[in-house]
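J.: mind looking at a prediction? Sequence and model below.
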Amino acid sequence: MSKPIKSLFHVLLVEDDPMVQEVNRLFIEQVDGFQVVGLASNGLRGLELIEELQPDLIFLDVFMPSLDGIATLQRIRSMALPVDVVVVTAAKDTETIREMMRNGAFDYIIKPFKVERIHHTLERYRVQQAGLWAEEVGTQEELDLIIMQNGEAAKKAVVSASVYEEWAMSYDELPKGLNAATLKQVLAVMEQHGGKLSAEETAEGVGIARVTARRYLDYLEKRGIVRLVVHYGGVGRPVNRYELLRDQNDHK
């Protein structure tokens, strides 16, 4: 079984400008499941708070006194601190960008930025972390989906949120071999296409093999979240389509 998926991500802000600190905090906490737990005005204090607070994610500036963002990220990696980093800075030179990405920055956001850009990053982070929270990844296709998360993946995660709320879905006990991130994408693709898809159409929409898509659809059917409907055409074999149920009353 999968481990319980993290529902609240703790964020540390490492930024020397108090006004930018407050803007970042407000933007981050507009996204459900993200909470700012600490503030640091320089890299040295940031390193102390990482060890003290053990956040999941850091928003890190580059230009700071005492210890700048480049040196801070290098120390984070040399100390093997288990934290992810989003760089938020006015630095636009490619040398700095390359250095931060080489040291494992999850994203790089240039000031000034819009609130939508912060939300995009956090939703993408949430989708990726959901996929990495399982005991193991079932297939290369599923790993590819996790590693290559992009704007479309984040958008799908937002689109399908209503499905999780309607069904009060929990990913705490997925069967072995099923991945939470892939399951979310299957639901999102179904919702985007009117809630009625075959296993082949679902596979094409998510980017996984048909047999893999059928495993997820069969799981959803057992949960009563989709139902199997056989469509008979004039010629050829009937087509099995999975219909997304909008609420529990549809299942009755």
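T.: Here it is on my side, so go on.

J.: what helices or strands is the helix ranked longest in the chain leaning on?
T.: Ranked by number of residues, the top helix in the chain under DSSP state H is helix 115-132. Secondary-structure packing of helix 115-132 (3 or more CB pairs under 8 Å, 6 or more residues apart in numbering; DSSP states H and E): strand 9-14, helix 18-29, strand 84-89, strand 107-110, helix 140-147, helix 151-159, helix 180-192. Glycine gets a C-beta too; all of them are placed from N, C-alpha and C.

J.: switch to 6 Å and redo it
T.: Here helix 115-132 touches helix 151-159, helix 180-192, going by 3 or more CB pairs under 6 Å, 6 or more residues apart in numbering; DSSP states H and E.

J.: name the next helix or strand downstream of the last one, please.
T.: Going back to what we said before, that points to helix 180-192. Once the chain leaves helix 180-192, the next helix or strand it forms, by DSSP states H and E, is strand 196-197.

J.: can you list the strands that that next one pairs with?
T.: In the sheet, strand 196-197 lines up against strand 239-244 (antiparallel) (DSSP bridges).

J.: could you check the angle the partner strand makes with helix 180-192?
T.: Calculated by axes from the mean of the first three to the mean of the last three CA atoms, to 10 degrees, strand 239-244 forms an angle of 100 degrees with helix 180-192.

J.: what are the buried residues along strand 239-244?
T.: By 16 or more other CB atoms under 10 Å, the buried positions in strand 239-244 come out as Arg241, Tyr242, Glu243, Leu244.

J.: residues in contact with His119?
T.: Val31 (CB atoms under 6 Å, 6 or more residues apart in numbering).

J.: distance of it from Val83?
T.: Applying CB to CB, to the nearest Å, the value for His119 to Val83 is 21 Å.

J.: quick revisit: which of the helices and strands packed on helix 115-132 has the lowest mean pLDDT?
T.: Lowest mean pLDDT within the helices and strands packed on helix 115-132: helix 151-159, a mean of 48.

J.: where does this structure dip in pLDDT?
T.: Applying pLDDT under 70 to the chain flags residues 1-6, 131-139, 141-173, 233-236, 246-252.

J.: mind doing that once more with 50?
T.: 1-2, 150-151, 153-155, 157-162, 164, 168, 248-249, 251-252 (pLDDT under 50).

J.: could you say what helices and strands the helix or strand where Glu221 lies packs with?
T.: Counting by DSSP H and E, the element that carries Glu221 is helix 210-222. Where contact means 3+ CB pairs under 6 Å, 6+ apart, helix 210-222 is packed against helix 199-206.

J.: tell me what angle the helix it packs on forms with helix 180-192.
T.: Using the same axes, to 10 degrees, helix 199-206 lies at 110 degrees relative to helix 180-192.

J.: can you give me the buried ones in stretch 20-36?
T.: Per 16+ other CB under 10 Å, stretch 20-36 contains these buried residues: Val20, Gln21, Val23, Asn24, Arg25, Phe27, Ile28, Val31, Phe34, Val36.
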